[in-house]
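K.L.:
Quick one, structure for this:
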Amino acid sequence: MTQLFDLQAINVRFGHINALTACTLRVKAGERLALVGANGSGKSTLLRTLHGLVRPVAGNFQCDLNARQAMLFQRPYMLRASVLNNVALGLWLKGVAWKPAKAQALEALARVGLEDLAHRGAKALSGGQQQRVALARAWALKPQVLLLDEPTSSLDPTAKREVERLMAEFADAGMTLIFSSHNLGQVKRLASRVIYLEQGRLVADLLTEAFFNGPLPEAAEIFLKGELG
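P.N.:
Got it, this is the predicted structure:
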């Protein structure tokens, strides 16, 4: 499989705060990678680093520049425009003419089951619907890598199941998924590999079955028991 990311002992700092310390990670195409850990452990920083939004101050960072990426944030930003235009704008910014961009956007909305809401104001949608619009906006760009930061954290159970279903379908179609989550049930359902972070350090990197069935480093074991207890 093609190697998409190769991080060797990278450090990321925000002022005097070490957000990531000596982080080493390799990700291959087709993996479904979950990032877990307490708040402030470095999950979001690692996602932003992989997406090129944050630069390491030390270490070596390499990525496949030919692999198209898209990222979904915990609270997707919606423009004061229709659902259709929110999706089409991303394509237009990538150089697609406006008319075909709208046609492709409508196809993307159909992919996530929201074509009937294409002309509704995006800001009037529920949180779950907005997250699906964000997924449509990402899918329309045909990314090979999709990064998601707590994609279902503020959603109700029905919306969570719908977003998980779409994530699974994207992965089954060959897309590489890298997502952070506090929902360990979601991690079990979606991930093939789990990364546990604590205070900016990568403590465990295991296949999902091995992560949940141990043995684990002590810090990861304590976290897992606390989350499941």
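K.L.:
can you map out the helices along this protein?
P.N.:
For the chain, helices defined by DSSP state H occupy the ranges 43-50, 83-93, 98-111, 127-140, 157-172, 184-190, 208-213, 218-228.
K.L.:
Quickly list what the most centrally placed residue in the chain is bridged to.
P.N.:
What sits nearest the mean C-alpha location of the chain, by CA atoms, centre = their mean, is residue 148, with 1.5 Å. Beta bridges link residue 148 to residue 72, residue 179 when assigned by DSSP bridges.
K.L.:
contacting residues around it?
P.N.:
47, 71-72, 167, 177-180 (CB atoms under 8 Å, 6 or more residues apart in numbering). (C-beta placed from N, C-alpha, C; glycine too.)
K.L.:
Between all of the residues you listed, which two are separated the most?
P.N.:
Distance extremes for the contacts of residue 148: the farthest pair is 47 and 167 at 14.5 Å, using CB to CB.
K.L.:
quick check: domain ranges of the chain?
P.N.:
Per automatic domain parsing, the domain ranges recorded for the chain read 3-67+144-228, 81-143.
K.L.:
Can I get these in CSV including mean pLDDT?
P.N.:
Output for the domains of the chain, formatted as CSV (pLDDT from 0 to 100):
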stretch, mean pLDDT
domain 3-67+144-228, 95
domain 81-143, 95
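K.L.:
Find the residue closest to residue 29 in space, skipping its chain neighbours.
P.N.:
Counting by CB to CB, 6 or more residues apart in numbering, residue 29 lies nearest to residue 2, which is 4.3 Å off, once chain neighbours are set aside.
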